[in-house]
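> Need a 3D model of the sequence below.
(chains A and B)
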Amino acid sequence: MVAAGRSHGDTQPGCPHSRLRHSSSLTMVPLLLLLLATAHGFQTVSYTPELAKKFLEGQTTTTTFVLEQPRCAFKFQENDINIRIWLVVAAPEAVSNFNNSLEPGSPERAFQNFLNGTNAYMTLGTTTDHYPCPKNPQDITVLRVGSDTSCAHDKDVPTCNGPLPGPGPYRVKFLAFNGSEPVKETQWSELITLKKATPFGDIPASDGKHSAGMIALTTILSILFAILLAGLVAMMISGGLDSCGSSSFTKPDMVTVQRYNTHHVYDQPAARL
Amino acid sequence: MAKSEDGIQILRGLLVFGNVVIGLCGIALTAECIYFVSKPQDFYPLLEATGNNDIYAAAWIGIFVGFALLALSILGIVAVIKANRTLLQVYIILMLITFAFEMASCITAVAHRDALTPNLFLKQMLERYGTTGTGMTADVTNAWNKLMVKNHCCGVQGPSDWQNYASKFRENHSDADFPWPHHCCVTDAKGSPTNLDACKLGMPGYYYRNGCYDVISEPMNKHAWGVAWFGFAILCWTFCVLLGTMFYWSRIEY
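Numbering: from 1, shown residues only, chains lettered A, B, ... in the order given. This next block holds a predicted model:
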């Protein structure tokens, strides 16, 4: 209010309107917006959407991700029956000049046009009684974004919770509408990046390495076999050379010694006379 | 003379003992290899599909080597007791041939066991699982499904295999409906998933978190150890017996 008063007093003769516009444009517009917002009751709560806290294997897949439900994020009254809470999924560049007034189901917020004409869509619209507060600690309260494949190409369902078209990254927030007016929003989430699939041709089929065990086994067996072959060759050679036999012990057979009687011993006495 | 006679007697006794051990080991090797070959393995189609079922060839060689060792050990005992040079020569040559075959079997078993890396199975699963072809591709799909349901496992390293890599399965099934095959879901008594949404979310208790590689590799490891390293031990013993036999042969006369 003080700033507005100062700018009003800064008029100069000659071109009062332009001077007024230049000096006050920086301060007036956001103030006007703030006035507009507070006049209509639009609030930004401090809750930041995040991925599911509990361990889930499918927390992010290639086309889906799992968010925590915005329990106790908005403090709505019991009688706000016209309130619908929508999830906004946007490409990161859509965040800076996001227009909250575009209604869910409009072509600029249709899932089928996401990344193909528009850079944000709205889905998973629900009434406040689906996010009761306080949350029962036993319950697993998650939202699976991207789970509905039946309406992904159906132009009649612009608020389809269809699979995301790519690995992202994306940013999300929750936006509450009362009828056709936005009333409350959460903060924008951090960047959510989905998984990216590597082509299976990139997997090396084998690293071609042999284990130490195999190398040791092959080496030792080869050496043993070589020694045996050498022994066999030596056997063959020595077997061929000493056909006369150079044994150091005899066969355990009975050795018979024959005694010979020569006949000429008995013939001699006749010659001596 | 008497001393060397004693020495040779001892050698003869040792050789007979050595051959008895070889005979017994031959029987054990045959029995072990028959057990490996005849045990029905769920994942045999996977090995066939990778072209890596030579690990069974090693077991088949082991069966025949076992029989050969038994027969040759009997021949060896006879030859040593009779101290017949010709018989001993025949024995040594035949034993060397058997040694060579058993060596081949051991090296084959270990080399093929080394080739069965997780990446080999992963690549084959991503290429072939889920295709609706006939013949080998259908075999691979059925083998994986039976494997996953029976052993409560999913994929090679885990369900994230289907997220981290593109696959034939992914081409035919959308990621939102099938982040991983429904065979990875915990099923009730009738065989349908207990909670399909929880399975798709990946909630613990509703899907199988572990990979199947351990289930596949454990029998392969046992098989390789049984065939290769037991065979190696037999060969070391056989080496000593053969060296002793060659020495004995050189010390006897015709």
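> Pass me the low-pLDDT residue ranges in chain A, would you?
Applying pLDDT under 70 to chain A flags the ranges A:1-40, A:77-79, A:205-208, A:242-273.
> Tell me the residue of it that sits nearest chain B?
Scanning chain A for the residue nearest chain B gives A:Glu57, at 2.6 Å (criterion: C-beta to the nearest C-beta). Placement of C-beta: from N, CA and C, glycine included.
> so what's A:Trp86 up against?
With contact taken as C-beta atoms under 8 Å, 6 or more residues apart in numbering or on different chains, A:Trp86 is in contact with A:104, A:122-125, A:159, A:174-177.
> ugh, wrong one, B:Trp249
In this structure, B:Trp249 makes contact with A:235, B:85, B:88-89, B:92, judged by C-beta under 8 Å, 6+ apart.
> Also B:Ser192?
Under the contact definition (C-beta under 8 Å, 6+ apart), no residues are listed for B:Ser192.
> Quick check: phi and psi at it.
phi -110, psi 150 (degrees, to the nearest 10).
> Distance check, it against B:Met203.
As for B:Ser192, its distance to B:Met203 is 17 Å (criterion: C-beta to C-beta, to the nearest Å).
> what pLDDT does the closest residue to B:Pro219 other than its chain neighbours get?
Of all residues not flanking B:Pro219 in the chain, B:Gln41 sits nearest, at 6.5 Å (C-beta to C-beta, 6 or more residues apart in numbering or on different chains). At B:Gln41, the predicted lDDT confidence score is 76.
> that older thread, what's the nearest residue to the residue of chain A closest to chain B if we skip its chain neighbours?
For A:Glu57, the closest residue by C-beta to C-beta, 6+ apart turns out to be B:Gly202, at 2.6 Å.
> who's in contact with the one you found?
By C-beta under 8 Å, 6+ apart, the neighbours of B:Gly202 are A:56-59, B:159, B:179.
> go again using 10 Å as the cut-off
Neighbour list for B:Gly202: A:52, A:55-59, A:61, A:66, B:159-160, B:163, B:179-180, B:184, B:209 [criterion: C-beta atoms under 10 Å, 6 or more residues apart in numbering or on different chains].
> any idea how far the closest residue to chain A within the stretch 101-250 of chain B lies from B:Glu127?
Using C-beta to the nearest C-beta, B:Gly202 is the residue of the stretch 101-250 of chain B that sits closest to chain A, at 2.6 Å. With distances taken as C-beta to C-beta, B:Gly202 is found 24 Å from B:Glu127.
> hmm, back to that, phi first, then psi, for the residue nearest to A:Glu57.
Backbone phi and psi, for B:Gly202 under degrees, to the nearest 10, turn out to be phi 90, psi 40.
> repeat for A:Glu50
Recorded main-chain torsions at A:Glu50 are phi -140, psi 160, according to degrees, to the nearest 10.
> Would you agree it is in contact with A:Ser189?
Yes - in this structure A:Glu50 lies within contact range of A:Ser189 using C-beta atoms under 10 Å: 6.3 Å.
> which residues touch A:Ala199?
Quick fix: residue A:199 reads Pro, not Ala. By C-beta under 10 Å, 6+ apart, the residues touching A:Pro199 are B:126, B:165-167.
> go on, B:Asn221?
If you count contacts by C-beta under 10 Å, 6+ apart, B:Asn221 has them with B:113, B:116, B:214.
> so of the residues you listed, which ones are in helices?
In helices, defined here by DSSP state H, the members of these are B:113, B:214.
> what about burial for the contacts of B:Asn221, which qualify?
Among the contacts of B:Asn221, those scoring as buried are B:113, B:116 (criterion: 16 or more other C-beta atoms under 10 Å in any protein chain shown).
> in the stretch 1-150 of chain B, which segments are predicted with low confidence?
Judged by pLDDT under 70, the stretches of the stretch 1-150 of chain B that qualify are B:1-3, B:131-136.
> Now with 90, please.
B:1-8, B:36-60, B:83-85, B:108-121, B:123-124, B:127-147 (pLDDT under 90).
> what about B:Val186, distance to B:Val149?
According to C-beta to C-beta, B:Val186 and B:Val149 sit 10 Å apart.
> nope, B:Ala28 is what I was after
To B:Val149, B:Ala28 is 36 Å away according to C-beta to C-beta.
> Phi first, then psi, for B:Thr187.
Listed backbone geometry of B:Thr187 is phi -110, psi 160, with angles given as degrees, to the nearest 10.
> okay, it: pLDDT?
Model confidence at B:Thr187, given as pLDDT, is 90.
> again with the one 5 residues further on
B:Ser192 carries a pLDDT value of 87.
> so where do the strands sit in the stretch 51-200 of chain A?
Along the stretch 51-200 of chain A, the segments classed as strands by DSSP state E, counting those that start in this stretch run A:65-68, A:83-90, A:120-127, A:142-145, A:171-178, A:181-185.
> can you list those in a markdown table and add distance to B:Glu32?
As requested, those are exported to a markdown table (distance: least, C-beta to C-beta, whole Å):
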| stretch | distance to B:Glu32 |
| --- | --- |
| strand A:65-68 | 51 |
| strand A:83-90 | 61 |
| strand A:120-127 | 61 |
| strand A:142-145 | 52 |
| strand A:171-178 | 61 |
| strand A:181-185 | 71 |
